[in-house]
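A.B. asks: here you go, sequence then predicted model.
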Amino acid sequence: MGRIDIKTFGLLLLTLLAFAGNSLLTRAALSDPAHATGGSAMAFAAVRLMSGAVVLAGLATWRHQPLRPSRSDLPTILALFTYAAAFSLAYVSMSAASGALILFAMVQVTMLVLGYLRGHRIGGRAILGVVIALSGLAWLLFPGLTAPPLGAALLMALAGGAWGVYSLLGRGASAPLARTARNFVGTVPLALIAFFLSPMATALTGFGWLMALTSGAVTSALGYALWYAVLPRLPPSLAASAQLSVPVITACTGALLLAEPMGLRVVMASGLILGGVWLSARG
């Protein structure tokens with residue numbers, strides 16, 4: 001692994017905090033039982049996508065990059081909207097830590113499976129890693145006091161699958177920031193439909209609006225822009241393994257800021273899931 005300077009390390013840390021922040025902000029906005037509904041979740045997702053589109057469009061315009069989505073962007077636009085909607089709906093009734101673990105595991109599994117279907121060879125180490133990660137995921141979801149609701153878990157699994165598809169389709173883009181901006185801009189019509197179909201009079205509180213705007217404009221838009229800026233400076237092994245810290249950051253910060261429990265099951269399942277993902281990435 002090559003060395004990185006302090007500035008690059010600081011930018012990487014900010015990026016990872018931004019990625020974890022999406023789970024924390026969404027859960028914080030939707031954790032109030034009086035306002036945590038499907039309508040509020042869809043409204044949150046819509047505001048997040050639209051505010052992210054505004055910021056990313058500004059960044060792309062500043063860099064003189066094209067913003068108009070093309071027909072070839074449609075699959076990634078649909079994957080991005082599916083991710084954002086399922087992500088928010090899942091967080092109505094599950095903790096930030098559990099959501100981040102399920103999301104992260106499903107992203108990795110989806111990318112490996114789709115890669116295999118597209119003809120990429122998968123080694124035994126990668127397969128073993130997937131088995132270990134799925135074992136940890138099954139343990140996390142096994143009925144009990146600390147298990148998240150099955151419906152919410154399935155929605156987060158859908159979000160992870162959609163994000164895996166989005167990541168695989170966008171892999172190797174020559175101008176990743178421009179493509180991300182086009183994808184966010186392309187979700188705006190869908191976000192507007194979701195926004196106006198939500199019961200806005202009671203769906204999203206002022207605090208929820210603040211969290212959604214922050215999630216879209218800061219931890220999503222600026223987080224992705226920062227990631228693309230720092231990625232070329234990172235050794236490939238560090239770029240892959242650093243993301244393993246996101247669920248850990250989410251779990252620790254969720255326990256600190258949102259008073260979410262950190263039971264033994266969550267800790268042990270986290271070890272299995274992250275260890276399996278690390279092994280599959282190495283394979």
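C.D. replies: Good, I have the coordinates.
A.B. asks: the stretch 101-250 of the chain: helices as residue ranges?
C.D. replies: For the stretch 101-250 of the chain, the helices defined by DSSP state H, counting those that start in this stretch occupy 124-141, 150-169, 176-197, 200-203, 206-214, 223-230, 236-242, 245-257.
A.B. asks: of all those, which one comes closest to residue 94?
C.D. replies: Closest to residue 94 of the helices of the stretch 101-250 of the chain, according to Cβ to Cβ: helix 150-169, at 4.1 Å. From N, CA and C alone the C-beta is placed, and that goes for glycine too.
A.B. asks: what comes up buried for the closest one?
C.D. replies: Using 16 or more other Cβ atoms under 10 Å as the test for burial, helix 150-169 gives 152-153, 155-169.
A.B. asks: only alpha carbons, please: show it as CSV.
C.D. replies: Below are the C-alpha coordinates for helix 150-169, written out as CSV (Å, rounded to 0.1, in the frame of the first residue of the first chain):
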residue,chain,number,x,y,z
LEU,A,150,-38.1,-7.9,8.1
GLY,A,151,-39.9,-5.4,5.8
ALA,A,152,-37.4,-2.7,6.6
ALA,A,153,-34.5,-5.1,6.1
LEU,A,154,-35.9,-6.1,2.7
LEU,A,155,-36.2,-2.5,1.6
MET,A,156,-32.6,-1.8,2.6
ALA,A,157,-31.5,-4.9,0.7
LEU,A,158,-33.3,-3.4,-2.3
ALA,A,159,-31.5,-0.1,-1.8
GLY,A,160,-28.2,-2.0,-1.6
GLY,A,161,-29.0,-3.9,-4.8
ALA,A,162,-30.0,-0.7,-6.6
TRP,A,163,-26.8,1.0,-5.4
GLY,A,164,-24.7,-2.0,-6.6
VAL,A,165,-26.3,-1.8,-10.0
TYR,A,166,-25.7,2.0,-10.1
SER,A,167,-22.1,1.6,-9.1
LEU,A,168,-21.5,-1.2,-11.7
LEU,A,169,-23.1,0.7,-14.5
